[in-house]
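Visitor: sequence and predicted model, in that order:
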Amino acid sequence: MTLLVDEAEGVLRLTLNRPEAMNALTSALRLALTQAIRGATARVIVITGAGRGFCAGQDLAEVDPAAADLERVLREEYEPLVQAIIAAPMPVIAAVNGVAAGAGANLALACDLVIAAESAVFIQAFARIGLVPDAGGSFFLPRLIGMARAMGAVLLAEPVTARQAEAWGMIWQAVPDAEFSGVVAARAAALASGPALALAEGKRLIRGAMGGDLAAQMAREASAQARAGAHPDFIEGVAAFRAKRKPGFL
Ligand code: T3D
């Protein structure tokens, strides 16, 4: 099972379960996650990862960079996932247990509360393989941390530590690794016993106040990704990742 689903005491816990690939997202895993969020009736949802990573974004073993239709995948698979999180009436917590890269980082940023273990890092890894930010990252990042930091994160593709992310307002909280599970459980329990209607309305109001048009920005991401994905730099980026070497872009 690539998605572990567990519900207890009002908390639906969704665990990305491909630890051997840092929980990279396959098409099947995206669909399972989207369906689980859409069908949720719990008071709160927690999304986390198995093993030492949270999520390494798109599964690069699944992609054929010479033939991939990135625009379709973004429109038909990533956008529904992000929109399911936004539309869910209950709070969605990203419990970032380890590295969150590419669409994995932006999956976390789409959630309502992000709690990260201190050892976790967030990487807008896209440029490392010749791609542009997607999964809503180009919408959420500048709103969360401002233009200068969003630009640096995207162009430099360097890891942002959990502590730095907290200081920048990219996430709610970075907690020492030893306390991580306890803090996540306590936050989830507190939300699960909170006033469900008020929390749902509060979420809707804050989302509404962010301004901009997420769907339109995600459509721009999909077209930009189609252009980036059609360029030889993407083929080179994926080949370099697979061969564990530095890419040589054109
Ligand atoms: O449809 C589309 O393609 C468009 C959508 C794009 C959305 C995206 O998310 S694009 C960005 C994709 N993600 C990345 O580029 C990140 C790739 N991964 C990494 O940069 C690093 O693995 C990490 C920084 C996440 C972690 O580094 P590290 O050193 O802690 O671990 P590692 O050794 O690199 O990875 C451990 C294993 O996981 C390794 O496998 P192995 O060698 O032990 O058999 C590695 O290949 C595998 N893995 C990590 N990330 C992915 C992956 N396998 C498949 N896909 C991955 N994304």
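Guide: Everything's here; your move.
Visitor: surely Phe241 meets Ile129?
Guide: Yes. Assessed by Cβ atoms under 8 Å, Phe241 is found in contact with Ile129 at 5.9 Å. No exception for glycine: its C-beta is placed from N, CA and C like everyone else's.
Visitor: could you check which of these two is surrounded by more residues?
Guide: Ile129 (26 against 16; other Cβ atoms under 10 Å).
Visitor: get me the contact residues on this structure for the ligand.
Guide: 21-22, 24, 56-61, 63, 68, 70, 73, 99, 101-103, 123, 125-126, 128-129, 131, 134, 225, 241 (Cβ under 6 Å from any ligand atom).
Visitor: next step: these restricted to helices.
Guide: Leu70, Val73, Ala103, Gln225, Phe241 (DSSP state H).
Visitor: burial measure for Ala157, as a count.
Guide: Ala157 has 18 neighbours, counted by other Cβ under 10 Å.
Visitor: so what's it up against?
Guide: By Cβ atoms under 8 Å, 6 or more residues apart in numbering, the residues touching Ala157 are Ile123, Gln124, Ala125, Phe126, Ala127, Arg128.
Visitor: if we go to 6 Å?
Guide: Gln124, Ala125, Ala127, Arg128 (Cβ atoms under 6 Å, 6 or more residues apart in numbering).
Visitor: quick check: phi and psi on it?
Guide: Torsion angles at Ala157 (phi, psi; degrees, to the nearest 10) stand at phi 50, psi 40.
Visitor: repeat that for Glu7.
Guide: Per degrees, to the nearest 10, the backbone of Glu7 is at phi -120, psi 130.
Visitor: this completes my enquiry, with thanks.
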